[in-house]
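[1] sequence unknown, structure follows:
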């Protein structure tokens, strides 16, 4: 039951966010505003471009919809995996991410809460986001694009940049050798470490 509520809440939030930004007077006012957006290239390197808030939100919203559709269809479609779960409990529960999401998100919430409490017990405060005098739609916009920027800037671009450079510099024979066994990444890392030490 928790899975159905979670998936329904995702659909509701996707539709509500779109309506909140593009079908309310405050949302329309916010979405038509232009501002300088920081385009993050790699960690702290980037540049500013003028863009409308509505364009940013629509782009991020499309990313979220694509991620939801991918999660729905990943490995086994959600409705098929759910039917199998009802007929045979705990069999194939990991076949679809949306099916296991309530358990994973609950575990993540408990871990984060534990870390925050542990930090507080030794006197390390946990910061809160600061939004200044932004209206509710502006806060919503910032919260909507923050995860996408974080994933691109701190995971996708650095890892993708390294992988692209490696593929450009490596010969085809070397590439075949590296990916010929399950220990390929260990050998690749060992080679890189040895090359750096020389």
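    That came through, no problem. Just so it is clear, the model here is predicted, and its values are computed rather than measured.
[2] C-alpha only now, for contacts and for neighbours.
    Noted.
[3] could you count how many residues lie near residue 45?
    Neighbourhood size, residue 45 [other C-alpha atoms under 10 Å]: 10.
[4] ok, which stretches of the protein are strands?
    Secondary structure of the chain, counting by DSSP state E: strands at 34-42, 45-52.
[5] count the residues that sit near residue 48.
    Neighbours around residue 48, by other C-alpha under 10 Å: 11.
[6] I'd like the distance between it and residue 35.
    Separation of residue 48 from residue 35 (C-alpha to C-alpha, to the nearest Å) stands at 9 Å.
[7] what's the answer for residue 99, then?
    Distance of residue 99 to residue 35, given as C-alpha to C-alpha: 39 Å.
[8] cool, residue 156 as well?
    From residue 156 to residue 35 the distance is 25 Å (C-alpha to C-alpha).
[9] same deal with residue 131?
    Distance from residue 131 to residue 35, by C-alpha to C-alpha: 15 Å.
[10] shaky segments in this structure?
    Along the chain, the parts satisfying pLDDT under 70 run over 1, 37-44, 90-93, 136-138, 171-198.
[11] pull the longest helix from this protein.
    Longest helix of the chain, by residue count under DSSP state H: helix 97-121.
[12] buried residues, that one. List them.
    97-99, 101-102 (16 or more other C-alpha atoms under 10 Å).
[13] looking at those residues, which is nearest residue 12?
    Relative to residue 12, the closest of the buried residues of helix 97-121 is residue 98; by C-alpha to C-alpha it sits at 14.9 Å.
[14] the closest one is in contact with residue 3, isn't it?
    Yes - the criterion here is C-alpha atoms under 8 Å, and residue 98 meets it with residue 3 at 7.2 Å.
[15] against residue 15, how distant is the residue nearest to residue 99 when sequence neighbours are not counted?
    Computed as C-alpha to C-alpha, 6 or more residues apart in numbering, the closest residue to residue 99 that is not its neighbour in sequence is residue 3, at 5.8 Å. The spacing between residue 3 and residue 15, counted by C-alpha to C-alpha, is 19 Å.
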